[in-house]
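Participant: following is a predicted model, sequence given first.
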Amino acid sequence: MKTCWVLVVCVAMAATLAFAQAADEGFQPARVVSIDRVSADARHPEKSDQYKVSMRMGDVLYLCQSSAPPSAFLDWSPNKEFPAKLEGKTLLVNGPHGQVQLNITGKKTPK
């Protein structure tokens, strides 16, 4: 009887692990290199919540912009690492306060 319960617990743990890995499919660690808030301009008030963010994922440095609210970037600082996923010209980052979409404006690779 104990063997049956051990088997059930092992199968449940394996299923939970497989489900957790499927939820993060395509995400890999990305490190914040720099984050700067774009200064507000009286002629362009819509730019008051824009940020320039540089993220390193693997050997590639992605130069990005985002217009997410400031609360999305509260815990972001250089050398912090977050799960990120590349989708075309955007980088989706799972930050501590939700997912942030960064628009890629350029990228640099080592020579």
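Facilitator: Cool, got the structure. Numbering: from 1, shown residues only.

Participant: how much space separates the residue most central in space within the chain from residue 70?
Facilitator: Centroid-nearest residue in the chain: residue 93, 1.8 Å away (criterion: CA atoms, centre = their mean). Distance check for residue 93 against residue 70: by CB to CB, to the nearest Å, it reads 15 Å. Yep, even glycine has a C-beta here, placed from its N, CA and C like the rest.

Participant: try residue 84
Facilitator: With CB to CB as the criterion, residue 84 and residue 70 are 20 Å apart.

Participant: of these two, which one has the most company?
Facilitator: residue 84 (24 against 10; other CB atoms under 10 Å).

Participant: that one should be in a strand, yeah?
Facilitator: Yes: under DSSP: H, G, I helix; E, B strand; the rest coil, residue 84 sits within a strand.

Participant: for residue 64, give me its contacts.
Facilitator: Contact analysis of residue 64 by CB atoms under 8 Å, 6 or more residues apart in numbering lists 52-55, 91, 102-105.

Participant: appreciated, that's everything.
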